[in-house]
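**Q** Kindly return the folded structure for what I paste below:
(one chain, ligands or ions: 1)
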Amino acid sequence: MTASDAARREERNRAVAAAVADIRAIERDHGVTADGLARMKRRLLELTKRADLFPEADFPPPEGGAEFPAHVYRIAEDDDHRFALYVQSALGALDTPAHNHTTWAVIAGIHGDELNRFWERTADGGVAETGRRVVRAGTAVAFLPDELHSIHVGPGNRVVNFHMYGLALDRLHEREYFRDDDGSWRNFPAQQGIIEARG
Ligand SMILES: [Fe+2]
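**A** Down below sits the predicted model:
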């Protein structure tokens with residue numbers, strides 16, 4: 001590791017800690033509400049302005065042909081597993097089914113295009129699309145615990161972005177996703193294989 005790598009890592013740790021501290025305060029003061037989430041989005045977008053601290057070389061995607069075409073790097077998480085912040089580094093194609101999170105979620109773009117499709121549950125137990133937004137540098141999306149989205153990255157596309165959750169992804173055991181092929185809701189298992197990248 002060169003001196004400039006070490007300096008970048010130190011500055012990254014400081015910037016991440018400051019953002020997480022602000023987001024903790026936002027949740028405390030504004031709750032898990034549309035207003036609270038809008039404020040969290042703005043704060044996470046502020047962190048994306050320091051893209052220089054999150055170079056792609058520090059957060060490489062999986063080798064081609066990986067089963068899940070994204071690596072999830074943990075860059076912050078409280079001792080009680082709350083306020084978990086990740087860098088997700090994908091090399092598409094990546095398509096997830098519609099799913100909820102059972103905690104709040106914020107995604108903010110650093111590099112590349114990640115299409116988010118928004119869904120709502122229908123009376124007959126299915127899902128209907130309610131909108132879509134491309135997350136890229138300067139844009140963010142946020143979800144209340146029961147809100148649904150799906151994520152899509154085109155073939156060969158590189159995407160690096162922040163994913164932040166009220167509770168760590170490997171602790172979310174009750175998420176649900178919708179299966180298009182048989183129209184059923186299934187358990188979305190807690191995330192495996194998160195790469196430790198703190199400190
Ligand atoms: Fe999600």
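**Q** and E174, backbone torsions?
**A** For E174, the backbone dihedrals (degrees, to the nearest 10) come out as phi -110, psi 10.
**Q** Was I right to think it contacts P189?
**A** No. The criterion here is CB atoms under 8 Å, and E174 misses it with P189 at 10.4 Å. In this view, the C-beta of every residue, glycine as well, is placed from N, C-alpha and C.
**Q** Would you agree E46 falls within a helix?
**A** Yes. Per DSSP: H, G, I helix; E, B strand; the rest coil, E46 lies within a helix segment.
**Q** list the contacts for it?
**A** Counting by CB atoms under 8 Å, 6 or more residues apart in numbering, E46 touches A19.
**Q** pLDDT wise, what is it at?
**A** According to the prediction, E46 has pLDDT 98.
**Q** Could you do P61 as well?
**A** Note on P61: pLDDT of 95.
**Q** mind checking the SS state of it?
**A** coil.
**Q** partners of the closest residue to it other than its chain neighbours in the sheet?
**A** Leaving aside its sequence neighbours, P61 sits nearest to L91 (CB to CB, 6 or more residues apart in numbering; 3.9 Å). Following DSSP bridges, L91 is listed with bridge partners R158.
**Q** Check L91 and give its pLDDT.
**A** 95.
**Q** Same check on V127?
**A** Looking at V127, its pLDDT reads 98.
**Q** ok, back up a step: next, count neighbours for the residue nearest to P61.
**A** Residues lying near L91 (other CB atoms under 10 Å) number 21.
**Q** cool, R132 as well?
**A** 14.
**Q** got it, and the one 4 residues further on?
**A** Applying the criterion other CB under 10 Å, we find 18 residues in the vicinity of R136.
**Q** Return the residues in contact with it.
**A** G109, H111, G112, D113, E114 are the contacts of R136 under CB under 8 Å, 6+ apart.
**Q** wait, isn't A168 in contact with H81?
**A** Yes. Taking contacts as CB under 8 Å, A168 lies within contact range of H81: 4.3 Å.
**Q** Which strands or helices does the worst-scoring helix or strand of the chain on mean pLDDT pack on?
**A** Between all helices and strands in the chain, the lowest mean by mean pLDDT, DSSP states H and E belongs to strand 94-95, at a mean of 94. Helices and strands touching strand 94-95, by 3 or more CB pairs under 8 Å, 6 or more residues apart in numbering; DSSP states H and E, are strand 148-153.
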